[in-house]
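[1] can't give you the sequence, but here's the structure:
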């Protein structure tokens, strides 16, 4: 199908409203818009550069957790959750009770992403994996009563205070299974020739249009992009997350999706998506470069002054890349050293401006690798 001939779907009369049933997408796609070709070439080039760069970073898995936490906070923020990276790093007992629900949603997202990436080793991107991931995403907190891991069994809507003034009403719940099967087949079909970035752009649009769950659709839909790119080998590690770009351009993001539904203009959405990929790759590479520069400073200049304590300092610093907030008890457990030795090493890293104390307490103090955390907050 040529994108110019795309028909987004049909409205179906329900009791007191009309729901929108999207057209199936599992077929070949072509386009005559040369701008799409240019943007696709650039996005593929940038994605390849990000992937190559991540492969060159020593111990890259230590830094993936912070990428996931950043994605979790940003993707959740699009849905109205107000937890930042610093709060996301807190332990449950440190979180203000009034903000614990928001904090829990971010933790659920981190757990869902970790679960999904791990499962990719055995399970392809599929309705099965999507449901599993959704089950983890809504396992605790506000979403626990909204059918975790199950497609909805009632009508939902997007925008508005009720279905009467909704901005968009997805298809009836009776249609979800067949539409999701079509989406799954499209993502995996070997009989059609569609570039991977175009395929997942269309796939994301379709998923958000189907809105198969009672809650968590936006977060799962954005997570699906990264999972697909990893599953196809375009990313060796889950290092690309588009939520920050989508949040920064939130109104455009929603407008392009609605334009495809209301004006049959899928090309505008695809071009927006490809620009998002290219710009996010640029930012991802810049973050890795800053990480490398910080590592060279911390590991190559600062902690080398610690003499015989250097091996333990190196071990602790490597753990800080994964968990940049620690207590004395944490350090003692991580390094298997006495509390006295842990405190001495912490004080060394404070003196070297690697760690800073963030509570202001004299007891139960918490220390942060703030320079590193700031790289993901910019």
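    Thanks, I have it. Every value quoted in this text rests on a predicted model; they were computed, and no experiment measured them.
[2] What segments of the stretch 51-200 of the chain are helices?
    Ranges of helices within the stretch 51-200 of the chain are 61-78, 85-88, 100-119, 127-137, 176-188, 196-210, based on DSSP state H, counting those that start in this stretch.
[3] OK, contacts around residue 99?
    82-83, 87 (C-beta atoms under 8 Å, 6 or more residues apart in numbering). In short, each C-beta sits where N, CA and C put it, glycine included.
[4] Then residue 159?
    Applying C-beta under 8 Å, 6+ apart, the residues contacting residue 159 are 166-168.
[5] now do residue 113
    68, 71-72, 133, 223, 226, 238.
[6] cutoff 7 Å now
    68, 72, 223, 238 (C-beta atoms under 7 Å, 6 or more residues apart in numbering).
[7] element containing the third one?
    Of the helices and strands defined by DSSP states H and E, residue 223 is found in helix 217-231.
[8] so what secondary structure elements neighbour that helix?
    When contacts are defined as 3 or more C-beta pairs under 7 Å, 6 or more residues apart in numbering; DSSP states H and E, helix 217-231 packs onto helix 61-78, helix 100-119, helix 127-137, helix 196-210.
[9] Would you mind putting those helices into CSV with mean pLDDT and distance to residue 366 alongside?
    Shown next, in CSV, are the helices and strands packed on helix 217-231 (pLDDT from 0 to 100; distance: least, C-beta to C-beta, whole Å):
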stretch, mean pLDDT, distance to residue 366
helix 61-78, 89, 17
helix 100-119, 93, 15
helix 127-137, 96, 27
helix 196-210, 98, 38
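[10] Any chance of these in JSON lines with distance to residue 371 as columns?
    Compiled in JSON lines, the helices and strands packed on helix 217-231 are given as follows (distance: least, C-beta to C-beta, whole Å):
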{"stretch": "helix 61-78", "distance to residue 371": "13"}
{"stretch": "helix 100-119", "distance to residue 371": "22"}
{"stretch": "helix 127-137", "distance to residue 371": "31"}
{"stretch": "helix 196-210", "distance to residue 371": "34"}
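[11] Out of those helices, flag the one nearest residue 314.
    helix 61-78 (12.3 Å; C-beta to C-beta).
[12] Tell me, how many residues neighbour residue 251?
    7 (other C-beta atoms under 10 Å).
[13] can you tell me the helix or strand for it?
    helix 250-263.
[14] Buried residues, that helix. List them.
    Neighbour-count burial for helix 250-263, counted by 16 or more other C-beta atoms under 10 Å, picks out 253-254, 256-261.
[15] from those residues, which is closest to residue 127?
    Once C-beta to C-beta is applied, the member of these that ends up nearest residue 127 is residue 257, at 21.1 Å.
[16] Quick check: the closest one vs residue 368, distance?
    38 Å (C-beta to C-beta, to the nearest Å).
[17] so how far is residue 101 from residue 224?
    Residue 224 is 24 Å from residue 101, by C-beta to C-beta.
[18] The two: which is more packed in?
    Legend: neighbour count by other C-beta under 10 Å for residue 224 and residue 101, higher for residue 224 (22 against 15).
[19] Now the most centrally placed residue in the chain. Nearest residue, chain neighbours left out?
    Nearest residue to the geometric centre of the chain (C-alpha atoms, centre = their mean): residue 71, 3.9 Å. Spatial nearest neighbour of residue 71, excluding adjacent residues (C-beta to C-beta, 6 or more residues apart in numbering): residue 241 at 3.7 Å.
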